[in-house]
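Undergrad: Make a model of this:
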Amino acid sequence: MEGQLDDARQSFTDQIMQRENENNDLKTKLQEIENKSEVLEKSLQKQFASKNEELSEKFLKARTYSKRQGNYSSVSFVLFGAFAIGTSLTTVHLAMCVSLAAALTFFAVGCYCSYNANTALNNVKVSQIGNNPSHSLV
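TA: Residues are numbered from 1 along each chain as shown. Model (predicted):
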């Protein structure tokens with residue numbers, strides 16, 4: 001009876017040691033996974049920071065482009081008005097046609113620049129980070 005009790009005690013001790021070894025192995029694996037997770041997290045943070053910087057640069061370029069196009073639009077509309085007034089004051093038919101053609105040309109250029117100024121910021125998308133955009137903003 002005492003022999004069976006010693007065998008049971010030894011078996012129980014062996015099982016406890018086995019469980020402790022398994023527990024230590026799991027702790028080691030968990031630590032390795034946590035270390036990998038921290039490395040991946042730092043890597044993703046660096047990537048996010050660089051992509052965020054790229055996006056900020058693209059928005060800055062787009063904003064500058066938009067302002068420039070807005071200025072071109074304003075100048076074109078002013079010239080359109082000047083030529084339209086010149087057309088109304090002209091009595092010679094040829095001069096009136098030339099002045100009217102110039103006025104309509106500046107009106108078309110003004111509309112185009114105004115459109116570009118209003119859509120420049122819409123052309124910068126997050127999905128374009130790291131990719132070449134379909135057209136240059138500068």
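Undergrad: Figure out how far stretch 47-65 is from the centre of its chain.
TA: 7 Å (Cα atoms, centre = their mean, to the nearest Å).
Undergrad: what is the rounded mean pLDDT of that stretch?
TA: Averaged over stretch 47-65, pLDDT sits at 84.
Undergrad: and the particular helix or strand that has Leu60 in it, how far from the chain's centre?
TA: Leu60 is located in helix 2-89, with elements delineated by DSSP states H and E. Taking the mean of its C-alpha atoms, helix 2-89 sits 13 Å from the chain's own mean (Cα atoms, centre = their mean).
Undergrad: after it, next one along is what?
TA: Helix 2-89 is succeeded, C-terminally, by helix 93-119 (DSSP H and E).
Undergrad: Next, the buried residues of that following helix.
TA: Residues Ser99, Leu100, Ala102, Ala103, Phe106, Phe107, Val109, Gly110, Cys113, Ser114, Asn116, Ala117 are the ones in helix 93-119 that count as buried (16 or more other Cβ atoms under 10 Å). All C-beta atoms are positioned from the backbone trio N, CA, C, and that covers glycine.
Undergrad: Report the inter-axis angle for it versus helix 2-89.
TA: Angle of helix 93-119 versus helix 2-89, following axes from the mean of the first three to the mean of the last three Cα atoms, to 10 degrees, is 160 degrees.
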